[in-house]
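Fold the following.
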Amino acid sequence: QVQLVESGGGLVQAGGSLRLSCAASGKIFVIGDMGWYRQAPGKQRELVASITSGGGTNYPDSVKGRFTISRDNAKNTVALQMNSLKPEDTAVYYCNADVWSGTLLSRSNHNLWGQGTQVTVSS
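Sure thing, here's the model as predicted:
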């Protein structure tokens, strides 16, 4: 069984930094796009950052220049470095990955989500 496990998050003052990490485990053949999403109370889940298997990244204007996504394909991990945090960044953060499990001749595709981790930024 393949799964994503997140770590990091917590409480930080405005202007501070946090780093989130997410590791995929199980019988993984290859991982495609990976990303981070967040959901604040009463709001829809939104994309925070995404990265392709080749390293191409995408950010919404709300976090551009403050957040950096990175991945380690050898370790099947993705990280989100968050700097200059603002109170409006407060949310539950989820990692997401497009994962192929199994082998070249017998593989299955999964769109996986992590369990979520709380990020709270105080003013």
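
after the lowest-mean-pLDDT helix or strand in the chain, next one along is what?
When the helices and strands of the chain are scored by mean pLDDT, DSSP states H and E, strand 107-113 comes last with a mean of 93. Moving toward the C-terminus from strand 107-113, the next helix or strand (DSSP states H and E) is strand 117-122.

which neighbours does the least confident helix or strand of the chain have in its sheet, and in what orientation?
strand 91-102 (antiparallel) (DSSP bridges).

Which residues outside stretch 8-26 are in contact with it?
Contacts to stretch 8-26, defined as Cβ atoms under 8 Å, 6 or more residues apart in numbering, come from residues 1-7, 31, 34, 36, 75-87, 93, 95, 97, 99, 101, 112, 114, 117-123. All C-beta spots, glycine's among them, are computed from the backbone N, C-alpha and C.

From the opening residue of it to its closing one, how far?
End-to-end distance of stretch 8-26: 21 Å, with Cα to Cα, to the nearest Å as the criterion.

Could you do stretch 5-18 as well?
17 Å.

How about stretch 69-87?
20 Å.

next one: stretch 106-123
Stretch 106-123 end-to-end distance (Cα to Cα) = 51 Å.

What residues sit buried inside the least confident helix or strand of the chain?
The neighbour-count check on strand 107-113 (16 or more other Cβ atoms under 10 Å) flags 110, 112 as buried.

Only C-alpha atoms, please: export it in CSV.
Taking C-alpha atoms only, strand 107-113 is exported to CSV below (Å, rounded to 0.1, in the frame of the first residue of the first chain):
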residue,chain,number,x,y,z
ARG,A,107,1.5,-0.9,-12.3
SER,A,108,-1.4,1.1,-10.8
ASN,A,109,-1.9,4.9,-10.6
HIS,A,110,-2.9,6.6,-7.4
ASN,A,111,-3.6,10.2,-6.6
LEU,A,112,-2.5,10.4,-3.0
TRP,A,113,-3.0,12.9,-0.2
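
Out of the contacts of stretch 8-26, which end up buried?
Among the contacts of stretch 8-26, those buried by neighbour count (16+ other Cβ under 10 Å) are 2, 4, 6, 31, 34, 36, 76-82, 85, 93, 95, 97, 99, 101, 112, 114, 117, 119, 121.
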